[in-house]
Structures are given as structure tokens and as C-alpha cells.
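Sequence plus predicted model, see below.
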Amino acid sequence: MIDTRKFFDSFKTDTGKFCLFALAVAVLGILLYTYNHRPSKVSVKPQELPQATNQDVRTELRNGVNADALNKTRRPVPAIPVVLPMTQLPISLYHSTSSAQAEVSDTYAPYGRLIPCETIITIDSAKIETPIIGYVTEDLWHDGKLIIPAGAEVHGKAQVDPSRERIASDTNWVVVWRTTDKLNGAELPLRGIALDMEHHYKSGRWELTDGSAGLRGEVLKTDNMAEIKLFASTFLSAATTGLLDTQNNINTLTGQTSQTALSTPKNAALEGVSAVLFNYAQQIANSIKRNGFYVRVPAGKQFYLYVTQPIDLENALRGNSRITTKAESKK
């Protein structure tokens, strides 16, 4: 037997050390080879079979054989899911076929109703935002339902229309119910404009200006003689220019004749008068432009309130104008 001491001492020599190193490398190589070539575990999921349904199967005869009997003898074949490759869908626009309608109650009137009205007070354009107060003269019906009764008040604000010499209106109006039912005192804010109404009840005729914008009334000038003064001063200014003494000058190149005023005391006086009259005419024209005119619409004037929105009776509430004013002030 080999002595154990000598066996371990042999590893201290160069040959023993080399053999020990070779043995370690071999063991390490075997371990790496075994780790890299180990078999991989494949997990197979059980395939789900389609669940049976409780639907009734229609029985048919095929060549004299019952179809139910054939189905019992056949084995159910599991359906294999087919995975299609995913493709990029193109961008498309979706158009909804459902028509969205505005929410209105059953008691409403559509856009563009003409409400016949009549003024209660005189409207004067001397002060801006003069109130327009009137009342409805005819009932407003829609779909067999009374929307706005005759006798309801309408309130708006006047504006001056200098180009047409009429009383225009603001677009904000308030209809106030004066009835004996629960709607008495209810307020309904509306958007609309005032149109002139020229209808003679006796003759039944409608004038040409019926339905035109603004309310026609009596036009009052600030100075009734201003236009006459302007005409006279302009005429005299031009007349004095024609009384000047002139002399004819002939151009030797073109042969044209021109007139030149002479430097005489008479011409100097006439030119001074013409300048004064022209300045006076200009002052009158500026006065007419500055002061303008006044339009006065008397009480009892007929007009239309053209409503530019749907009229919903459910929006007629007591104190509604105060709520609307607060909401507008917060904006």
C-alpha cells in the first residue's frame, strides 16, 4: 500500500501540481458541458374544447338516415384557433347616423317667429338706450299649443340708427307674462330685433316698409332752418365768386384761354365776402352733423319682435331676468 503521507507529498512536486491543475480543469469542463446541453422543459397547455351549447339541433333525414344518430357516432373535433397576422388598420372617419336634437320641451316655438307687438310709451332717441316697452297684440301658437299669450309685456332697449333715421333695438329682450294663471309674472329672456309694422286694419293694406329694420317715427331736427341757411350761404359764396373782375389770358403754345382775377378793391371785397359765407356754410354743416336729428316714436306704434332663437315655455320663470343678469356679469 502506498503511504498516505507520501501520496499527499507527491502533489507538492511540479508533476503533482500539474496533475492536480489538469484534474480541476477537466472537472470544470465537464460541469460546463453538462449545464449547456441539458434538455429544456416544454410546457404544453391543455387545449380548451368548445363548450357545448343548449341550443336545439334540428333533425333532418339525409338519405333515410337520422342526422341525430350520425352526430352521436361522430367524435367532436376540437376547433383549432387560426391566428391571422396583424395588419395596420388605415385611419378612418366615423360618421354617426344618430341625429342629435336640442333638448326642448313640448311647449316651444321654433326659430324666427314674428311676434306682433305695440308700444306702450313714447320712444325718443335723445337719450341712448331708451327702453322699448310694448305688449303682445296676438297670441303665438305652435303645434296647437299657446306659447306666448296676447297681453304679455315685451321689454327691450332702443338704439339710434342715423343712416335710416329710425329707432333700432338691442338684441336682448324679456317677455313678462301678465295672466291670471300660475305663469303670472314669469319672465322669459329672448334674443331678437324690432321690425317696423305698417298695417292698416281698416283697409287691410300692408305698406312697402312693413317688416323693415327699426321703428319709423317723427324726425325732429335740432334746427329746422339749418338746411335753408346752409343752402343760402353756399349759394351766396358761389355767387360772389362769379362777380369778380377777370381778364383773359391766351397760352401761345396751346392756344387755350384762362381767366385771372384782377387785383382791384372790388375783387378784394368780393373775395372776403365769399370766404366769410363759405366758413358760415361749413359751420352750419358741422352743426347738423354734430347735433344730428331726433326720432320720436309715439305710443301705440305697431312693430314685430323677430325672435332669433327657439322659444321654450319651460324657461319662463319668475325672476329669470335677475338670474340671467347675474350669469352674464360673472362671465
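Structure's in. What do you need? Residues are numbered from 1 along each chain as shown.

contacts and neighbour counts: CA atoms only from here.
Will do.

can you give me the helices for the stretch 151-300 of the chain?
For the stretch 151-300 of the chain, the helices defined by DSSP state H, counting those that start in this stretch cover 226-242, 265-291.

Show me what the mean pLDDT comes to for the first one.
Spelled out, it's helix 226-242. Taken as a whole, helix 226-242 carries a mean pLDDT of 66.

same question, the longest one
Averaged across helix 265-291, pLDDT comes to 69.

Asp124: what's it in contact with?
Asp124 is in contact with Thr130, Tyr294, Val295, Arg296, Val297, counting by Cα atoms under 8 Å, 6 or more residues apart in numbering.

Could you tell me which of these belong to strands?
Among these, the residues falling in strands (DSSP state E) are Tyr294, Val295, Arg296, Val297.

closest to Glu165 among those residues?
Closest approach to Glu165 among those (Cα to Cα): Val295, at 6.7 Å.

The closest residue to that closest one other than its chain neighbours: what's it in contact with?
In space, Val295 comes closest to Val219 once its chain neighbours are excluded; the distance is 4.6 Å by Cα to Cα, 6 or more residues apart in numbering. Under the criterion of Cα under 8 Å, 6+ apart, the contact list for Val219 reads Glu165, Phe293, Tyr294, Val295, Arg296.

I'd like these laid out as a markdown table, including neighbour count and distance to Phe18.
Compiled in a markdown table, the contacts of Val219 are given as follows (neighbours: other Cα atoms under 10 Å; distance: Cα to Cα, whole Å):
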| residue | neighbour count | distance to Phe18 |
| --- | --- | --- |
| Glu165 | 20 | 124 |
| Phe293 | 18 | 127 |
| Tyr294 | 21 | 127 |
| Val295 | 22 | 127 |
| Arg296 | 19 | 129 |
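
sorry, back to before: quick check: the farthest pair among the contacts of Asp124?
Greatest spatial distance among the contacts of Asp124 (Cα to Cα): Thr130 and Tyr294, at 12.5 Å.

Give the other helices and strands that the helix or strand harbouring Phe303 contacts.
Assigned by DSSP states H and E, Phe303 belongs to strand 302-307. When contacts are defined as 3 or more Cα pairs under 8 Å, 6 or more residues apart in numbering; DSSP states H and E, strand 302-307 sits against strand 114-119, strand 187-196.

So what touches it?
111-119, 190-198, 211, 215.

What's the ChimeraX syntax to select whichever of these are buried?
Buried residues among those (16 or more other Cα atoms under 10 Å), as a ChimeraX selection:
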select :113,114,115,116,117,118,119,190,191,192,193,194,195,196,197,198,211,215
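
Near Ile30, how many other residues are there?
Residue neighbour count, defined by other Cα atoms under 10 Å, stands at 10 for Ile30.

circling back to that earlier point, from the ones in strands among the contacts of Asp124, which has minimum pLDDT?
pLDDT across the ones in strands among the contacts of Asp124 is lowest for Tyr294, at 71.

Dig out what that one forms beta bridges with.
Beta-bridge partners for Tyr294, by DSSP bridges, are Leu220.

I'd assumed Gln159 was in contact with it.
No. Using Cα atoms under 8 Å, Tyr294 is not in contact with Gln159; the gap is 11.6 Å.

and for the two, which residues touch both?
Both Tyr294 and Gln159 are in contact with Ser125, where contact means Cα under 8 Å, 6+ apart.

which residues does Leu188 bridge with?
Leu188 has these beta-bridge partners by DSSP bridges: Val175.

Which one of the contacts of Asp124 is nearest to Glu314?
Checking those against Glu314 with Cα to Cα, the nearest one is Thr130 at 29.5 Å.

Thought Lys157 was touching the closest one, still the case?
Yes. Because the distance of 5.7 Å satisfies Cα under 8 Å, Thr130 is recorded as touching Lys157.

tell me the secondary structure for Asp9?
The three-state assignment at Asp9 reads helix, by DSSP: H, G, I helix; E, B strand; the rest coil.

if I look at it, how far off is Thr15?
Distance, Asp9 to Thr15, by Cα to Cα, to the nearest Å: 11 Å.

measure Asn36 to Pro310 for me?
Distance, Asn36 to Pro310, using Cα to Cα: 83 Å.

Please apply the same query to Ile250.
In this view, Ile250 and Pro310 are 77 Å apart by Cα to Cα.

Between these two, point out the one with more neighbours.
Comparing Ile250 with Pro310 by other Cα under 10 Å, the one with more neighbours is Pro310, at 16 against 11.

quick one: contacts for that one?
Listed by Cα under 8 Å, 6+ apart, the contact set of Pro310 reads Tyr108, Ala109, Pro110, Tyr111, Gly112.

Looking at the residues you listed, which are in strands?
Of the contacts of Pro310, the ones assigned to strands by DSSP E are Tyr108, Ala109.
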